[in-house]
Every structure is written in C-alpha cells, then in structure tokens.
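Asks: Quick one, structure for this:
(chains A and B)
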Protein chains: 2
Amino acid sequence: MALYVQKYGGTSVGSVERIEAVADRVKRFRDQGHDVVVVVSAMSGETNRLIELAQQISPEPTPREMDTLLATGEQVTIALLSMALNRRECPARSYTGWQIGIRTDSAHTKARIQDIDTDSMQRELAAGRVVVVAGFQGVDDGGNITTLGRGGSDTTGVALAAALKADECQIYTDVDGVYTTDPRVVESARRMDQVTFEEMLEMASLGSKVLQIRAVEFAGKYSVPLRVLSSFKEGPGTLITLEGDDAMEKPVISGIAFNRDESKLSVMGVPDLPGVASRILGPVSAANIEVDMIVQNISEDGSTDFTFTVHRNDFRRTESILKNITDDLGAREVLGDDRIAKVSIVGVGMRSHAGVASRMFDALAAESINIQLISTSEIKISVVIEEKYLELAVRALHSAFGLDAVEETS
Amino acid sequence: MALYVQKYGGTSVGSVERIEAVADRVKRFRDQGHDVVVVVSAMSGETNRLIELAQQISPEPTPREMDTLLATGEQVTIALLSMALNRRECPARSYTGWQIGIRTDSAHTKARIQDIDTDSMQRELAAGRVVVVAGFQGVDDGGNITTLGRGGSDTTGVALAAALKADECQIYTDVDGVYTTDPRVVESARRMDQVTFEEMLEMASLGSKVLQIRAVEFAGKYSVPLRVLSSFKEGPGTLITLEGDDAMEKPVISGIAFNRDESKLSVMGVPDLPGVASRILGPVSAANIEVDMIVQNISEDGSTDFTFTVHRNDFRRTESILKNITDDLGAREVLGDDRIAKVSIVGVGMRSHAGVASRMFDALAAESINIQLISTSEIKISVVIEEKYLELAVRALHSAFGLDAVEETS
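Replies: Residues are numbered from 1 along each chain as shown, chains lettered A, B, ... in the order given. So this is what the prediction gives:
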C-alpha cells in the first residue's frame, strides 16, 4: 500500500497503443493496492505540431498565447488516458494544471511552481480514483495558463510527489535508467542501480538529458525518492537516493556528462571593480537568459576578462546585450564562440580523492584535446573544449576512470 | 463606435491562412474604432480528429473526459488568432471558457450556460484589446470543463453579446445568409435580408443548420441583434430581428425547413390515463435524449397511440428504453421507423392567413407524398414523411408558396 507518482513522457504516450500500455501498467499498480497519481506529457510530435502552427502565424508568438497553445497537448493526453483507465474499470479522473491547483509565477514559457493544492488529489485518492494530471503546465495568480518550459513534466511529477509525500516518484521514459554516460557516444556505458541526488543534479544540469535539473533539485530538496524507468521494458531502473542511504563505498567518478548546446561569451578588458560582474550579468538575467558556467581569472593591470556560457539558442541575443553595455562598462570588446561543448566528470567519491583533476587533464592531453575553460565544484570538474572533440573526450574519460562495462554485475 | 461580438466557425478558422484572414477582418473593425470580442470554434477537422482518438480508446468515452479532450480544439484557435492579431499590432488576449468565467451546469457534452462574468472582458476592452474567447466550452461549479454540445460556439457568441449588451452579434460562417430553404436541395432558394427570431427559431430547430436553435433562443430572449454573414465573401448577410422592427408586410411563408436526422417511435395501445405521457417520456428524458415532435390522437376504447420523434442517433437507445417499460404501462407494443424526414413551412405571416395548411397538404398530395404525422404551432406546420420523398417535398412547397427566386431583388 504505497503512493506512487508516475510520470510518463511524450514517447511513452505517443500513440493510442502506448496510452493503452500505460493504462495497463497503472491498473497493475492499482490492483496491487497502491494509490497512483499519473503525470503525462503531450503525445510525442504534438508539441512540435503546435509550435509549427504558431510559427506559421508569427515569428515571435506572444508568450502568453504560446502557453495557452502548448498546454492543450497535455490536456489531450490526460483525457485519453483517463478514458482508457475508466474503460478498464480503473476509476480515473483528469486534471489540468489549473484544475489541480498548480500555482506558478507569471514567467510565461518558463514558469516556476510556487504552490500545489493537494486537497482535490487527496479527495480523489480517498475515493479510490487514479488522478491523471497534465504535466508541464500551471496557472498564475491572474488565471493565465503558464508552462514550465522544457522537461517541465518531470518537475510536475516531482512537485506532486513532494506535495503528497509520495513513497516514490517514478519517471517513465524511453531509456531504462541513468547511464555512466550517453550509450550512443560510449558503447560500453553502464546503467547505474543507484546514483545520488547531487551526482544526478550535476549530470542533469550538464546534459545527461534523462531528467530535468529542476526535477532533481526539487526531489533532493524534499527528499522524494526518484526512480527512472523504461515504459517499454520491465526493469529496476535507476534509483536516485540521498547519499547516506548507500553504505557501499562509492566509486571515485560515477559518470561523464556532456553538453553540446553551449556557447561561450567573453567580455574582455573589464575594469576590475566591485559590482562589475553584476553589471554584466544583470541585463542577461533580466532577459531571462540562463547562464551556466561563469569563469573569471585574476586580473592584470586593473582589468580582467569575464567569461560565461549560455544555451546556444540564446547566443545571439546575449551577444547583442553585451555589445550594448561594452562602452558603459569601459570594457574592450566582446568575444564569442558557439561551437563549443562542455564535458564533466561527476562523482561524490571525488571529495575524498586527490588527483582526480590531474587524471582528467592527462586523459584529455593524451588525445591532444585543448582545454578552453575549467570550472569545478565539490563533486564535479567541467571543461569546455572545441565541439568537434566531444565524443573523443567522453570516451577517453569514461575509460580513464574505469567506467567501461566489463560484464553486467547487478 | 459599436461593440461587436463576432463568432467564427470551424471552416472560417480551418487553416493558418483562414485565421490570418479573420485577423485581418477583426483588425479592420478595430481600425474603424469599434470594440470587438471574437468567439471561435476549433479548426475544422480538429474536433473529428479528437473524437476519433477517443473512440480508438473507448467505445463509450467518459463524458467528463470527452469535454476535457474536445475543449482543447478551441483553445488552440484562440491562441493562434491572438498571436495573429498581436502580430498585426492589434492587441489581443485569449480566454478559455473557464478563464472568461462562462459558468455552466454539469451536463457534460451538452452543458447549459448559467452565468457569464463580464468583468475581465470589460477590463480588456477598456484597455483597447480584442478579447478572443473559446466557443463551445465552459466550467461548472466543481471546476470541471464542460462543453455546450453541437453548435455550442454560436451559443457562446450570443451569450457573450447578451452579457455585454453588444450592438450586434455577427455569426460568420461558410454561407452568406439564411435562405428560404437549403440551396443544395432547391436551386432557386433565395437569401433573406431579414428574418424574425421566431421564424429563425422554427427553422433552426427544424434543421436549417445555419444557426443553432439555442443561440437563436438566447438572442431572442435578450433581444441581441444577430447577423449571419459569410467569412469568405463580403455582403450584408441576413439580420435576425424582432418582429416589430420591420414595418413591411410579411410574406405568408418565409421558408421551408427540413430535417433528415429524425426517427419516429410509437407506443401502441397505451391505456388513456392521466400521467401516461410522462411515464413514457420520463425515462427518455432521464437518459438525456431530446424529444422533438410529440403527437397523440384521440383515444378509442380507452387506449391510445403515443408517437414522438428523436434524433436518429438516439433511435436504438430510445427503442430499448420503451421496450423495457411497455409491460409496466400496459401498452401493446412499440413501433419505430428511422427512415423518416420532417418538412416544415415557417412564417409569421401564417398567423393572419387561413388556408395555409390546406395549400401545404395539396402541394404534397399533388406529388403523391403520404403524410405520416402532422404537428403545428403558431408560425409553422410540420409533417413527417418517408425520407426518400424529402427533396421532392421541399421543392414542391418552395414553389407552391412562391418562394422561388425570379430575379435578385435586394
């Protein structure tokens, strides 16, 4: 008798047949006596179809209207899945974001959840019904429909699990767990049985793409046990846990993450004065552009170079913002490069082991890969390299840290 | 400086190009200084696509989920049209049924509007914005999404016009007005410049299909001037007016309406006792089946025959309801026929002219068409005939009452 929040992504509900399969799975859980809240995405292809319609109408569609448009995708899925469950005599009821009371701020197309009202869910569960909730969407205080942005359905799933104090939040996707790195790049990548929130967070933010970073943050913050599973085949998936849960000794490095969608901008010759960093990043963040790495080295002659990375889609916009403020800052010039990639090694075991960084740099040097930027945290080391070396770098590091699968152990 | 509510149906917003054309038209009205509230349907084909998805999932989809599913159709259109208007620098904002505050009862798939909150519309209009509202949908007191059933977008348009006391409610469709009968059946059918609410009501309910009966009722009740126009070509359309507005003498008969989708059921040999009619129709209406004509003749030998018509789609269901109660009623048997059609002559001028009925029956007799049922009201006479004679009957009546176009007069 547990309470599960199960989230099914676009490919898991991509056709009538797939929706039927999800209904069968949910019913199995119900038949075992568990309570189930299901969060679904739009059927795969649907969101792109809607975006194309919008782009035919306007090159810059009104963000508020974009959210109203895109929110229909999940609304279709919740209705169809609820019908499929009801047909199986598994009572179910659908809820859109506004119906279930997912309150967000008003940042259209990238809203953040502020509050979830669990009353109606508790009532439905008590009445023996499966609650089917539209992921990715919410409503602001003005009653406007908002969406949570890319991967927002994962966030919805975790947020509901947290609000309901669910026993587990299960994220069903088209992969059967979290791997030491992308198996499409390194054939010998291994599925991990467990990974810590911290590691997962670093890997998600660095582009492992299995789970959205906000979902993992949320899960860690509210200690929601999170499991990534395949909706296409049976298996234990990967459990994302608090560090203390696992008594076994950790490997030094758990995985290699990478991100192809990065671009790098440098403001050169900035006077080295207090407040300069915020005068550079203020306008960028005001334009709702997310900054990833930030690197500033020691200054020479009272001036310094300030470098940061943003999503490649935001590169041109960021560049023009920076060019507008160059004179005000007294900076020399703005340089940019959108053909870069970021590669990171991640692992909680890194904390207690010296020499991890040098082993990383050695492995890259052995392949003659030049490192453009370095940035470190407690449990990760990231480097920016030329994009064309990405696959080579990932394979070299995967092997250097002993992650290659010898034979299946679990 | 007038306030117009404009309703655009599915074919009028059936593609990106059509939506752009609607945006151009709305902007023209705004540029002339008018306030505009736009009500739109789903893009043509979209509702059928959604229904097909539902039917693949379940032969009897949950009505609540069906409404949640279908309501997405209009939501897509309001977002796209608002984007198109904003792009034309004609500020606009979209509203779903629940956002604009269209409160309905909870009769899913055929809900009725109970109340409309005009605050947000007034605020948007005062701010100089076009308000784009999803037709066909509302929300009940429990926060469930409801739909108004077939043609419900017309009802939304008229209800908004009534609530806002608009100067005119314009229904844009793919025909350029209301005709004396269906031009596909009678080539010489004429567009009417004006028609009264009462006549329109009788014609809509009898299947003229240009406007939904509920919309006309609503418009008549609240004296909302209603105009039917084509969204494809310019023209004055047909204005639907209160009778007193028109000083000109009315023709005896304004139009010939007909309905192919009827079926007829008779409960034979019912004891002629008080309360029998309600014992027959009670269970039918409890099953949400709408009854159209009801005919009961004088009784012989203490028993009578009770006949009524329902939509052909409801024929089997009604038949089985009646068979279940035959014994309880002490009735002899249930007879049914779903190959019938109804033809009606309609006109406010009928009130002051004797002999209209006999002229109608003569015209049908001249074509050897047998009349199965007759029913009359103040301004209409309806007959039920074998379906195969439908076109012949309509042409004969159109000509007998002098409705054939000689040459365009208006």
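
Asks: which one's the longest strand in chain A?
Replies: As assigned by DSSP state E, the longest strand anywhere in chain A is strand A:255-271.

Asks: Show me what it is packed up against.
Replies: Counting contacts by 3 or more CB pairs under 8 Å, 6 or more residues apart in numbering or on different chains; DSSP states H and E, strand A:255-271 packs against helix A:197-205, helix A:276-286, strand A:303-311, helix A:315-329, strand A:333-346, strand A:380-386, helix A:390-400. Using the backbone N, CA and C atoms, a C-beta is placed for each residue, glycine as well.

Asks: Looking at the ones you listed, which is nearest to chain B?
Replies: Chain B lies closest to helix A:315-329 among the helices and strands packed on strand A:255-271, at 19.7 Å (CB to the nearest CB).

Asks: Show me which positions of the closest one end up buried.
Replies: Neighbour-count burial for helix A:315-329, counted by 16 or more other CB atoms under 10 Å in any protein chain shown, picks out A:Phe315, A:Thr318, A:Glu319, A:Ile321, A:Leu322, A:Ile325, A:Thr326, A:Leu329.

Asks: So which residues of the stretch 101-250 of chain A form helices?
Replies: Secondary structure of the stretch 101-250 of chain A (DSSP state H, counting those that start in this stretch): helices at A:119-126, A:152-164, A:197-205, A:213-221.

Asks: Walk me through the domains of chain A.
Replies: With domains defined by automatic domain parsing, chain A comprises A:3-174, A:256-400.

Asks: Mean pLDDT added to those, as JSON lines?
Replies: Listed next are the domains of chain A as JSON lines, based on pLDDT from 0 to 100:
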{"stretch": "domain A:3-174", "mean pLDDT": "96"}
{"stretch": "domain A:256-400", "mean pLDDT": "90"}
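
Asks: Mean neighbour count, the ones you listed: which tops it?
Replies: Most buried of these, by mean neighbour count (mean count of other CB atoms under 10 Å in any protein chain shown): domain A:3-174, with a mean of 22.

Asks: circling back: in TSV: the domains of chain A, plus distance to B:Val186.
Replies: Formatted as TSV, the domains of chain A follow (distance: least, CB to CB, whole Å):
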stretch	distance to B:Val186
domain A:3-174	39
domain A:256-400	59
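
Asks: Out of the ones you listed, which gets nearest to B:Arg103?
Replies: domain A:3-174 (14.3 Å; CB to CB).

Asks: The longest strand of chain A - which strands sit beside it in the sheet, and in what orientation?
Replies: Taking DSSP bridges as the criterion, strand A:255-271 sits next to strand A:303-311 (antiparallel), strand A:333-346 (antiparallel) in its sheet.

Asks: re the thing from before, any chance of JSON lines for the helices and strands packed on strand A:255-271, columns distance to B:Asp193?
Replies: JSON lines is the format used below for the helices and strands packed on strand A:255-271 (distance: least, CB to CB, whole Å):
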{"stretch": "helix A:197-205", "distance to B:Asp193": "67"}
{"stretch": "helix A:276-286", "distance to B:Asp193": "58"}
{"stretch": "strand A:303-311", "distance to B:Asp193": "60"}
{"stretch": "helix A:315-329", "distance to B:Asp193": "56"}
{"stretch": "strand A:333-346", "distance to B:Asp193": "64"}
{"stretch": "strand A:380-386", "distance to B:Asp193": "73"}
{"stretch": "helix A:390-400", "distance to B:Asp193": "72"}
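
Asks: near chain B, which residues of chain A?
Replies: Taking CB under 8 Å from any CB of the partner chain, the part of chain A that reaches chain B is made up of A:16, A:19-20, A:50, A:53-54, A:56-58, A:61-62, A:64-66, A:68-69, A:71-72, A:75-76, A:78-80, A:82-84, A:86-87, A:93-94, A:96, A:98-99, A:143-145.

Asks: From those, which land in helices?
Replies: A:16, A:19-20, A:50, A:53-54, A:56-57, A:64-66, A:68-69, A:71-72, A:75-76, A:78-80, A:82-84, A:86-87, A:98-99 (DSSP state H).

Asks: can you pull the contacts of the spatially closest residue to A:Glu367 that is not a sequence neighbour?
Replies: Computed as CB to CB, 6 or more residues apart in numbering or on different chains, the closest residue to A:Glu367 that is not its neighbour in sequence is A:Ala396, at 5.1 Å. Contacts were defined as CB atoms under 8 Å, 6 or more residues apart in numbering or on different chains; by that measure A:Ala396 touches A:Ala363, A:Leu364, A:Ala366, A:Glu367, A:Ile369.

Asks: Can you tell me which of the domains of chain A is nearest to B:Phe401?
Replies: Of all the domains of chain A, domain A:3-174 comes closest under CB to CB, at 47.6 Å.

Asks: Leaving out chain neighbours, which residue sits closest to A:Gly101?
Replies: Using CB to CB, 6+ apart, the closest residue to A:Gly101 is A:Asp117 (3.1 Å).

Asks: Contact partners for the one you found?
Replies: Applying CB under 8 Å, 6+ apart, the residues contacting A:Asp117 are A:Ile100, A:Gly101, A:Arg103.

Asks: Quick one: residues contacting A:Cys169.
Replies: A:4-7, A:157-158, A:160-161, A:219, A:224-227.

Asks: okay but A:Leu80 is in contact with B:Leu70, surely?
Replies: No. A:Leu80 lies out of contact with B:Leu70 (CB atoms under 8 Å); the separation is 11.7 Å.

Asks: Send me stretch A:329-337 as CSV with only the CA atoms.
Replies: Only the C-alpha atoms of stretch A:329-337 are listed here, as CSV (Å, rounded to 0.1, in the frame of the first residue of the first chain):
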residue,chain,number,x,y,z
LEU,A,329,31.4,49.1,-18.6
GLY,A,330,34.6,50.5,-20.1
ALA,A,331,35.4,47.1,-21.5
ARG,A,332,37.5,46.5,-24.5
GLU,A,333,35.4,44.0,-26.6
VAL,A,334,33.1,41.1,-26.6
LEU,A,335,34.2,37.7,-27.9
GLY,A,336,32.0,34.7,-28.5
ASP,A,337,32.1,31.1,-29.7
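
Asks: Run the chain-centre distance for that stretch.
Replies: In terms of CA atoms, centre = their mean, to the nearest Å, the centre of stretch A:329-337 is set 31 Å apart from its chain centre.

Asks: same deal with stretch A:162-180?
Replies: So, by CA atoms, centre = their mean, the centroid of stretch A:162-180 is 13 Å from its chain's centroid.

Asks: Also stretch A:308-315?
Replies: 16 Å.

Asks: Now the terminal residues of that stretch, how far apart.
Replies: Stretch A:308-315 has an end-to-end distance of 11 Å (CA to CA, to the nearest Å).

Asks: Return the distance of the residue nearest to A:Glu367 relative to A:Val186.
Replies: Distance of A:Ala396 to A:Val186, given as CB to CB, to the nearest Å: 10 Å.

Asks: and what of A:Leu403?
Replies: For A:Leu403, the distance to A:Val186 (CB to CB) stands at 8 Å.

Asks: Geometric centre of chain A: which residue is closest?
Replies: A:Gln212 (1.6 Å; CA atoms, centre = their mean).

Asks: Can you name the residues that contact it?
Replies: A:Arg150, A:Gly151, A:Gly152, A:Asp154, A:Thr155, A:Ala204.

Asks: hmm, try it at 7 Å
Replies: With contacts defined as CB atoms under 7 Å, 6 or more residues apart in numbering or on different chains, A:Gln212 is in contact with A:Gly151, A:Asp154, A:Thr155, A:Ala204.
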